[in-house]
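S.K.: could you work out the structure for the sequence below:
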Amino acid sequence: MIFLAAILMTLSTSCKRDHLYYASSDTATVLVKTDWSRSGVHPNGVTVFAYRESDGSLYKRFPPVSAEEKNFIKLPEGDFVLVVMNDTPEEFGGSFSFMGVDCLGSLQAVGLEDWRPEGTGVRTVDAFDPEFCMAEPDTLSVAVVGGVHVSSEQIDYFYDRPQTDISMTNAIQVSALPEPVISRVNISAHVKGLKYARGTTVSYLSGLSSGYYLGLESVSEKSVSQAFILNNRAFDPGSDSDGTIRTSILSFGPAALNPSDVKGLMDNTVAFDGKTRSTGDGIVAEGCRLNVNFVLINGEPYPVSVDVSDAITVDNSLGNMKQYNIRVEIHLPEAVGKEEGGFTTDINEWEDEIVNIPI
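M.R.: Numbering: from 1, shown residues only. Alright, predicted model coming up:
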């Protein structure tokens with residue numbers, strides 16, 4: 001009887017069990033809430049890179065989601081740095097490429113090479129490849145969110161086996177506020193003797209950065225040039241001789257002053273103190289040179305090269321995109337080459353020509 005009672009008790013208790021808690025995975029759910037109000041863009045989608053805070057190695061690049069959707073990602077236990085950007089790297093393929101994705105310190109948007117036309121007569125500065133010019137980049141906005149901590153207690157558990165691996169209740173909420181990393185460069189040249197210029201051909205601004213380190217929030221140390229047409233002529237009020245030509249381009253901004261600073265950041269050995277030294281409302285850059293290729297009205301080329309390193313000012317009052325303003329003075333000669341200057345005014349004599357008119 002005792003034996004039978006023991007068997008019945010075992011059967012009754014083995015068939016009745018409490019609900020068990022199941023781990024859906026070894027990751028926690030993180031909700032990345034992105035505010036695009038300061039980005040200057042209306043993105044189609046959002047891409048998130050997750051890097052381990054300990055060594056900067058890439059944990060995962062998550063598939064993009066629509067900017068209108070809730071962006072859930074899954075992270076294991078540990079500390080992470082998230083890099084949030086508009087759209088996807090592939091969508092910027094016509095503007096720049098992404099390199100060094102495997103490491104936070106080397107994740108970089110790099111401008112595409114744009115080969116200059118031959119025979120432009122452009123003067124260049126040291127450390128600038130005279131055959132290399134960068135295409136104008138597209139608008140990119142980035143947010144870097146550090147200190148994302150996932151503890152063992154935050155790993156998703158459910159009362160019953162879940163229907164999905166997303167836990168709305170236990171989701172860790174992270175806020176991201178992307179801002180533009182592309183700047184606008186406004187170039188204005190006041191020209192004495194502008195009336196002697198027929199126009200300009202392709203001109204160049206050297207000393208600009210070739211890219212941007214997303215994870216380090218710093219421009220690249222490599223210096224390149226960008227090409228443009230400096231046009232949009234406007235004469236000074238009351239003058240038929242002097243005037244201004246101007247243009248505006250998108251850029252990564254001036255190159256980093258000290259390449260070792262960026263290299264140190266990539267090695268996690270030094271602190272970066274910015275890409276420029278502040279001097280009031282201006283900046284001190286290095287190797288920034290404006291090369292304008294004029295064509296005079298007598299047809300002769302007249303290249304002008306001006307060092308604008310100490311003539312760059314910053315204006316942050318026109319929205320979230322940083323504005324670099326460059327204003328220079330240029331003097332054109334009244335007479336160049338064999339001509340006496342200006343238009344050739346010789347007029348050929350009239351010649352009689354007899355034309356028969358049928359009647």
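
S.K.: I'd guessed Gly56 sits against Gly215; true?
M.R.: Yes - counting by CB atoms under 8 Å, Gly215 is a contact partner of Gly56 at 7.4 Å. Using the backbone N, CA and C atoms, a C-beta is placed for each residue, glycine as well.

S.K.: so between those two, which is more surrounded?
M.R.: Counted by other CB atoms under 10 Å, Gly56 and Gly215 do not tie: Gly215 has more neighbours, with 25 against 19.

S.K.: which stretches of the chain have low pLDDT?
M.R.: 3-25, 115-132, 156-169, 256-286, 317-319, 335-355 (pLDDT under 70).

S.K.: mind doing that once more with 80?
M.R.: Applying pLDDT under 80 to the chain picks out residues 1-25, 114-132, 156-170, 256-287, 316-320, 335-359.

S.K.: break it down into its domains, please.
M.R.: 19-94+139-181, 130-137+182-335 (automatic domain parsing).

S.K.: adding distance to Ala109, write those out as a markdown table.
M.R.: Formatted as a markdown table, the domains of the chain follow (distance: least, CB to CB, whole Å):
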| stretch | distance to Ala109 |
| --- | --- |
| domain 19-94+139-181 | 6 |
| domain 130-137+182-335 | 5 |
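
S.K.: for Pro358, which of those is the nearest?
M.R.: domain 130-137+182-335 (43.3 Å; CB to CB).

S.K.: and Leu75, what is it in contact with?
M.R.: 27-28, 30, 50, 59, 148, 150, 172 (CB atoms under 8 Å, 6 or more residues apart in numbering).

S.K.: which of the domains of the chain sits closest to Gly100?
M.R.: Across the domains of the chain, closest to Gly100 is domain 130-137+182-335 (CB to CB), at 8.3 Å.

S.K.: identify each buried residue in stretch 172-186, please.
M.R.: 172, 174, 176, 178-186 (16 or more other CB atoms under 10 Å).

S.K.: just stretch 41-54 next, same as before
M.R.: So for stretch 41-54, counting by 16+ other CB under 10 Å, buried means 41, 43, 45-52.

S.K.: for the stretch 151-300 of the chain, just list every one of the helices.
M.R.: 259-266 (DSSP state H, counting those that start in this stretch).

S.K.: tabulate the buried residues of stretch 41-54 (JSON lines), appending distance to Phe72 and secondary structure.
M.R.: What follows is the buried residues of stretch 41-54, written out as JSON lines (distance: CB to CB, whole Å; DSSP: H, G, I helix; E, B strand; the rest coil):
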{"residue": "Val41", "distance to Phe72": "22", "secondary structure": "coil"}
{"residue": "Pro43", "distance to Phe72": "18", "secondary structure": "coil"}
{"residue": "Gly45", "distance to Phe72": "14", "secondary structure": "strand"}
{"residue": "Val46", "distance to Phe72": "11", "secondary structure": "strand"}
{"residue": "Thr47", "distance to Phe72": "14", "secondary structure": "strand"}
{"residue": "Val48", "distance to Phe72": "10", "secondary structure": "strand"}
{"residue": "Phe49", "distance to Phe72": "16", "secondary structure": "strand"}
{"residue": "Ala50", "distance to Phe72": "13", "secondary structure": "strand"}
{"residue": "Tyr51", "distance to Phe72": "18", "secondary structure": "strand"}
{"residue": "Arg52", "distance to Phe72": "20", "secondary structure": "strand"}
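
S.K.: farthest pair in these?
M.R.: Val41 and Arg52 (28.4 Å).

S.K.: surely Arg52 touches Glu77?
M.R.: No - checked against CB under 8 Å, the pair Arg52 and Glu77 is beyond contact range at 11.2 Å.
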